[in-house]
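J.: Test case, fold it:
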Amino acid sequence: MTLEVALRHRFGGFDLDVAFEAPPGLTVLFGRSGSGKTTVINAVAGLLRPQAGRIAVGGEVLLDTARGLSVPVHRRRLGYVFQEGRLFPHLTVRQNLLYGRWFAGAGAPGPTLDEVTDLLGIAPLLDRRPARLSGGEKQRVAIGRALLAAPRLVLADEPLAALDAARKAEILPYLERLRDEMRLPILYVSHAPAEVARLATTVVVLEAGRVLRTGPAAEVLSDPGVTPLGPRAAGAMLTARVSGHTEDGLTELDAGGQTLLLPRLPRTPGETVRLHVRAQDVMLAVEEPRGISALNVLPGTVAEVRMGDGPGALVQVNTGEARLLARVTQRSVTALGLAPGRPVFAVLKAVSVEKD
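T.: Next comes the predicted model:
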């Protein structure tokens, strides 16, 4: 089921003019604060009426200003997860969840209460009230309530933004399960690169109310020309398969034909993981380094060099099937003769790779 969005809206000196298609999977609207992400998602939800635009889900038109068509919010069959859980404090978890089911209507297709509680691991919480839940638990209940409304599309506006690192780590696996098992299209707002790398199927990069780039997550995140949060936040996404675990506490991964060693991951051999590798954590060498503490030295070839406005540069390196970004100085680019086609070695410390 594809989401089609074309919007134009102006307010408070801000001009929004975007058009994109979100294929099945989890599509992230990615960009810095003020780029228009929440405006887009609110327009899809029907909470904002744009001055001009068209929105369709699976071919069904929800908005067409040229025809004077705007489906009311309650008839759009969308599930919305906000930054805060927004649960009813006087209701139990079970009652909050069933409130979502009430919106689905009689006979509407959708998951059962048991299926949702199993998916999100919230069965032990059913008799509690929100005041007795952690932030991560509240968000899981909010997601469950949205799913029980039998939505055709799930909207999530930075659902992890209000959580600390521990609670984010708690809820991310459930978002992955939602992406992989429910087969629902998800439109997800974020400005956290590691979160985007872990969850996104497709990325739509917004900047100042315009679409800067859209495409598969691995391609967009490894593009040195797409740095909406600035070069310091640049990084690439790698998909790797767990090969095994070593006796000294490391996990061996196969990342597109390259071997990576990371601190032990709670995954079984054969499982797939996503890794976010920050450009500032990648060093480049034109000769194979020896006698260094870094465990990961990957041979590759320079694909592109993008000079910055200051003294820095971003270098895209192809390492087998994977792509990395390295943030280096322009002096290093000159000294090492870095240019497309130049063989190099990418050096990554095991502890610098962000993983699940």
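
J.: now the helices for the chain?
T.: 37-45, 93-104, 113-120, 135-148, 165-181, 193-199, 217-221, 330-336 (DSSP state H).

J.: In contact with the residue found closest to G300 once you drop the neighbours it is linked to in the chain, which residues?
T.: Sequence neighbours aside, T319 is the residue nearest to G300 in space, at 3.7 Å (criterion: C-beta to C-beta, 6 or more residues apart in numbering). Backbone N, C-alpha and C define where each C-beta goes, glycine included. By C-beta atoms under 8 Å, 6 or more residues apart in numbering, the contact set of T319 is 255-256, 258, 298-300, 346.

J.: what about the closest residue in space to V203 that isn't next to it in sequence, how many neighbours?
T.: Distances taken as C-beta to C-beta, 6+ apart put V220 closest to V203, at 4.2 Å, once the chain neighbours are dropped. Neighbour count for V220, taken as other C-beta atoms under 10 Å: 22.

J.: Show the pLDDT at V220.
T.: V220 is assigned 91 on the pLDDT scale.

J.: do the same with A166
T.: 84.

J.: how much space between the residue nearest to G300 and T301?
T.: Counting by C-beta to C-beta, to the nearest Å, the separation of T319 from T301 is 8 Å.

J.: Tell me the buried residues in stretch 175-192?
T.: Within stretch 175-192, the residues that count as buried by 16 or more other C-beta atoms under 10 Å are 175, 178-179, 182, 184-192.

J.: can you put these in JSON lines and add distance to G12 and pLDDT?
T.: Shown next, in JSON lines, are the buried residues of stretch 175-192 (distance: C-beta to C-beta, whole Å; pLDDT from 0 to 100):
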{"residue": "L175", "distance to G12": "32", "pLDDT": "90"}
{"residue": "L178", "distance to G12": "34", "pLDDT": "88"}
{"residue": "R179", "distance to G12": "34", "pLDDT": "89"}
{"residue": "M182", "distance to G12": "36", "pLDDT": "81"}
{"residue": "L184", "distance to G12": "33", "pLDDT": "84"}
{"residue": "P185", "distance to G12": "30", "pLDDT": "88"}
{"residue": "I186", "distance to G12": "29", "pLDDT": "93"}
{"residue": "L187", "distance to G12": "23", "pLDDT": "96"}
{"residue": "Y188", "distance to G12": "25", "pLDDT": "95"}
{"residue": "V189", "distance to G12": "19", "pLDDT": "95"}
{"residue": "S190", "distance to G12": "23", "pLDDT": "91"}
{"residue": "H191", "distance to G12": "20", "pLDDT": "86"}
{"residue": "A192", "distance to G12": "25", "pLDDT": "87"}
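
J.: Farthest pair within those residues?
T.: The largest separation in the buried residues of stretch 175-192, counting by C-beta to C-beta, is between M182 and H191 at 24.4 Å.

J.: which residues touch stretch 71-89?
T.: Contact with stretch 71-89 is made by 44-47, 61-63, 93, 95-96, 99-100, 103, 129-131, 133, 135, 138-139, 141-143, 145-147, 149-159, 161-162, as judged by C-beta under 8 Å, 6+ apart.

J.: what about it, start to end distance?
T.: 30 Å (C-alpha to C-alpha, to the nearest Å).

J.: got it, and stretch 222-231?
T.: End-to-end distance (C-alpha to C-alpha), stretch 222-231: 12 Å.

J.: For it, buried residues please.
T.: Residues 222-224, 226-229, 231 are the ones in stretch 222-231 that count as buried (16+ other C-beta under 10 Å).

J.: quick one: contacts for the closest residue to G337 other than its chain neighbours?
T.: Distances taken as C-beta to C-beta, 6+ apart put V286 closest to G337, at 7.2 Å, once the chain neighbours are dropped. Taking C-beta under 8 Å, 6+ apart, we find V286 in contact with 336-337, 342-345.
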